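Undergrad: coordinates for the following, if possible.
(2 chains)
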Amino acid sequence: MTAALGKDLVGLEHLSPDQIRLILDTAEPFKEVSERPIKKVPALRGKTIVNLFFEASTRTRISFEFAEKRLSADTVNVAASGSAVQKGETLVDTAKNLEAMRIDMVVIRHPSSGAALFLGNRIRSNVVNAGDGTHEHPTQALLDLLTIRDRHGKIAGLKVCLVGDIQHSRVARSNIWGLLKLGAEVGVCGPDTLMPRGIEELGVCRFRRIEEAIEWADVLNVLRLQLERMEKGFIPSLREYYRVFGVTLERLDRAPRELTIMHPGPMNRGVEIDSRVADGAHSVILAQVTNGVAVRMAVLYLLAGGRPELADAAKGPAGGTAE
Amino acid sequence: MSRPERTTILDARALSRALQRMAVEVLELSHGTDDLVLIGIQRRGVELAERISRLIEKDEGVVVPRGALDITLYRDDLETVGPKPVIGETRIPGDLAGKHVVIVDDVLYTGRTVRAALDELADFGRPKRISLCVLVDRGGRELPIQPDVVGKQVKVDRGERVDVLVEEIDGKDQVELVAGADRGAGA
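TA: Numbering: from 1, shown residues only, chains lettered A, B, ... in the order given. Have a look, this model is predicted:
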């Protein structure tokens, strides 16, 4: 079957549209699990998952942890600070040591682009990329896609604009791949200094002014402006950024249609987004967080088990694998 | 490999009669409709539960609460199921505490689906009683599970399969025995 995911989830760039749709469709019933009185199903009972976070993260780590626990997996969190990493252990050594303790999956966040792929190629366990450098953050893009689909009933044909620091954003990159594969039109808008050269070659349209982006789009995905970008001279000041690129209520009021407003968090209120917009009627920012757990449950569930060779053996002469 | 051979076990009219009788038996079992809740197992069990509840409504004038259960996440063979099927909807109508839950499914075979359904229902509360109602009991149990209401009992060999077709999903009402089918969805 073409839709299965394979061993690891490194990014959306190399997934097919069918594989992405499979994840989104699988996430659908997992939403309901989180609404149950007992928010737990036994699907991953006995699986051990290590959350290996080499970069600070609150939302993504907690979201993964909830997803794992609601699937009944056993989880261990390893942070770079206070671990052997600080003593000079390499990434592969850390992972091999964990694997020697018989783990089944690693969820990794790492400041270096390519870390998840590198690790996935060197260990037997499933690897899920929870953000690697400026490369990809696939589960964030998947939860964004799910939220867009919930709100608009479709993704194909919608105009989605990513606003802000495209250059350093793994969220932007994963979103661009996912949206294009599912047939959306993608726009990007942000200061020249934070825009990768040749971005149009990916098949996205470039907006230099936020007003143009707002006029064009059905959905705005407002990215977090990392405050260190100012220290490194990419933007003159936060106040100026807000004045030129801030998504404000006044700007949205002039839009020809009602926009859906998204943000991957954590937000800088008054820098990339106006508080009145973030908390307004068109914001789906908290729905994104809710969907994050469902999408991650779907990814973990699809990667775990389901070994084709076992499946063939199980079919056997008796026929059905299901009763 | 030879072509699978299909024999009709129940045609549309026989299926309709079986459901009529099952609805009456469910009512007798639960002494009326007061605490009754019908829960169908995805997918065809959900349609059958819907039918039975409509028949009860016609006779008794009462709308019986009904729900749907997808047991995929409670299966004992997740490691071996291969490409994952998309999971269906689970919808439980209110609190099950003190209710008489009747699980409705199309075919009862090994009993493993029912085992999973019992586990899953336990996570939604504590019904006072759970009963099992199936359209076809094909024998071949691997667990100590027995149905309370049965539409049709058929002795089916391993390697054969029972297909339940319903109007809403398959375009017609029919139950077929499929011989020489060495793989397939079971039921």
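Undergrad: residue contacts, residue 7?
TA: Just going to use chain A. A:120, A:126-127, A:303 (Cβ atoms under 8 Å, 6 or more residues apart in numbering or on different chains). C-beta: built from backbone N, CA, C; applies to glycine.
Undergrad: actually, chain B is the one I wanted.
TA: The neighbourhood of B:T7, defined by Cβ under 8 Å, 6+ apart, consists of B:176-177, B:179.
Undergrad: tell me the secondary structure for the residue nearest to the spatial centre of chain B?
TA: In chain B, the centroid-proximal residue (Cα atoms, centre = their mean) is B:D105; its distance is 0.2 Å. Recorded secondary structure, B:D105: strand (DSSP: H, G, I helix; E, B strand; the rest coil).
Undergrad: make CSV from the contacts of B:T7 and add secondary structure and distance to A:V284 to it.
TA: Formatted as CSV, the contacts of B:T7 follow (DSSP: H, G, I helix; E, B strand; the rest coil; distance: Cβ to Cβ, whole Å):
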residue, secondary structure, distance to A:V284
B:E176, strand, 47
B:L177, strand, 50
B:A179, strand, 53
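Undergrad: in ChimeraX, how would I select just the buried ones from those?
TA: Entered in ChimeraX, the line below selects the buried ones among these, by 16 or more other Cβ atoms under 10 Å in any protein chain shown:
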select /B:176,177
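Undergrad: identify the residue spatially nearest to the residue nearest in space to the middle of chain A, adjacent ones excluded.
TA: For chain A, A:Q140 is the residue whose C-alpha lies nearest the centre (Cα atoms, centre = their mean; 1.4 Å). Once flanking residues are discounted, A:Q140 sits nearest to A:V171: 5.1 Å by Cβ to Cβ, 6 or more residues apart in numbering or on different chains.
Undergrad: re earlier: scan the contacts of A:K7 and report the most crowded one.
TA: Neighbour counts for the contacts of A:K7 peak at A:V127, which has 26 neighbours (criterion: other Cβ atoms under 10 Å in any protein chain shown).
Undergrad: for that residue, which three-state class applies?
TA: What three-state DSSP gives for A:V127 is strand.
Undergrad: that one and chain B, how far apart?
TA: Here the criterion is Cβ to the nearest Cβ, to the nearest Å. By it, A:V127 lies 19 Å from chain B.
Undergrad: check contacts around that residue.
TA: A:V127 touches A:7-10, A:105-108, A:116, A:119-120, counting by Cβ under 8 Å, 6+ apart.
Undergrad: give the burial count for the residue lying closest to B:R115 once chain neighbours are set aside, as a bare number.
TA: Nearest residue to B:R115, sequence neighbours excluded (Cβ to Cβ, 6+ apart): B:L143, at 5.4 Å. B:L143: 12 surrounding residues under other Cβ under 10 Å.
Undergrad: so the residue nearest to the centre of chain B versus A:D279, what's the distance?
TA: 47 Å (Cβ to Cβ, to the nearest Å).
Undergrad: and residue 34, how many neighbours?
TA: Went with chain A since none was named. 15.
Undergrad: please refer instead to chain B.
TA: Residues lying near B:D34 (other Cβ under 10 Å) number 9.
Undergrad: how about the one 4 residues further on?
TA: Neighbours of B:L38 under the rule other Cβ under 10 Å: 28.
Undergrad: what's the first helix or strand after the helix or strand it falls within?
TA: B:L38 is part of strand B:36-41 when elements are defined by DSSP states H and E. The helix or strand immediately downstream of strand B:36-41 is helix B:44-60, counting by DSSP H and E.
Undergrad: and the next helix or strand along the chain from that next one, what's its mean pLDDT?
TA: Next along the chain after helix B:44-60, taking DSSP H and E as the criterion, comes strand B:66-69. The average pLDDT within strand B:66-69 is 96.
Undergrad: elements contacting strand B:66-69?
TA: With contacts taken as 3 or more Cβ pairs under 8 Å, 6 or more residues apart in numbering or on different chains; DSSP states H and E, strand B:66-69 sits against strand B:36-41, helix B:44-60, helix B:112-122.
Undergrad: and those, which is most packed in?
TA: Burial of those is given as mean neighbour count (mean count of other Cβ atoms under 10 Å in any protein chain shown); strand B:36-41 ranks first at a mean of 26.
Undergrad: ok, and what's touching it?
TA: Applying Cβ under 8 Å, 6+ apart, the external contacts of strand B:36-41 come out as B:26-27, B:30, B:46-50, B:52-53, B:56, B:64-71, B:92-93, B:96, B:99-106, B:113, B:117, B:121, B:127.
Undergrad: C-alpha coordinates for the strand holding B:L38, PDB please?
TA: Below are the C-alpha coordinates for strand B:36-41, written out as PDB (Å, rounded to 0.1, in the frame of the first residue of the first chain):
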ATOM      1  CA  LEU B  36     -31.600   0.600  26.700                       C
ATOM      2  CA  VAL B  37     -28.600   1.900  24.600                       C
ATOM      3  CA  LEU B  38     -27.700   0.400  21.300                       C
ATOM      4  CA  ILE B  39     -24.000   0.600  20.300                       C
ATOM      5  CA  GLY B  40     -23.000  -0.600  16.800                       C
ATOM      6  CA  ILE B  41     -19.500  -1.600  16.000                       C
END
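Undergrad: can you list the strands that it pairs with?
TA: strand B:66-69 (parallel), strand B:100-108 (parallel) (DSSP bridges).
Undergrad: just name the most buried of those strands.
TA: Mean neighbour counts for those (mean count of other Cβ under 10 Å) peak at strand B:100-108, with a mean of 25.
Undergrad: contacting residues for residue 53?
TA: As the question left the chain open, I've gone with chain A. Going by Cβ under 8 Å, 6+ apart, A:F53 touches A:61, A:77-80, A:108-109, A:130.
Undergrad: that was the other one, I meant chain B.
TA: In this structure, B:S53 makes contact with B:38, B:63-64, B:66, judged by Cβ under 8 Å, 6+ apart.
Undergrad: apply 10 Å and report the result again.
TA: B:S53 makes contacts with B:23, B:26, B:33, B:36-38, B:40, B:62-66, B:102, B:104, as judged by Cβ atoms under 10 Å, 6 or more residues apart in numbering or on different chains.
Undergrad: can you say which two of the residues you listed are spatially most distant?
TA: Greatest spatial distance among these (Cβ to Cβ): B:G40 and B:V62, at 18.0 Å.
Undergrad: what about the residue lying closest to A:I285 once chain neighbours are set aside, neighbour count?
TA: Of all residues beyond its chain neighbours, the one nearest A:I285 is A:H263 (5.0 Å), with distances taken as Cβ to Cβ, 6+ apart. If you count neighbours by other Cβ under 10 Å, A:H263 ends up with 25.
Undergrad: equivalent analysis for A:L238, please.
TA: The number of residues packed near A:L238 is 17, by other Cβ under 10 Å.
Undergrad: can you count the residues close to the residue nearest to it when sequence neighbours are not counted?
TA: Excluding the flanking residues, the one nearest A:L238 by Cβ to Cβ, 6+ apart is A:V271, at 5.1 Å. Residues near A:V271, counting by other Cβ under 10 Å, number 19.
Undergrad: what element comes up after the host helix or strand of A:G131 heading to the C-terminus?
TA: Using DSSP H and E, A:G131 sits in strand A:126-132. Note on strand A:126-132: by DSSP H and E, the next helix or strand toward the C-terminus is helix A:138-152.
Undergrad: by contact count, what packs against whatever helix or strand comes next after that next one?
TA: Per DSSP H and E, the first helix or strand lying C-terminal to helix A:138-152 is strand A:159-163. Contacts defined by 3 or more Cβ pairs under 10 Å, 6 or more residues apart in numbering or on different chains; DSSP states H and E place strand A:159-163 against helix A:138-152, helix A:170-181, strand A:185-189, strand A:205-207, helix A:210-216, strand A:219-222, strand A:260-262.
Undergrad: buried by neighbour count: which residues of the first one qualify?
TA: This points to helix A:138-152. Result for helix A:138-152 [16+ other Cβ under 10 Å]: buried residues A:138-151.
Undergrad: pretty sure A:R276 contacts A:G246?
TA: No. A:R276 sits out of contact with A:G246 when judged by Cβ atoms under 10 Å, with a separation of 11.3 Å.
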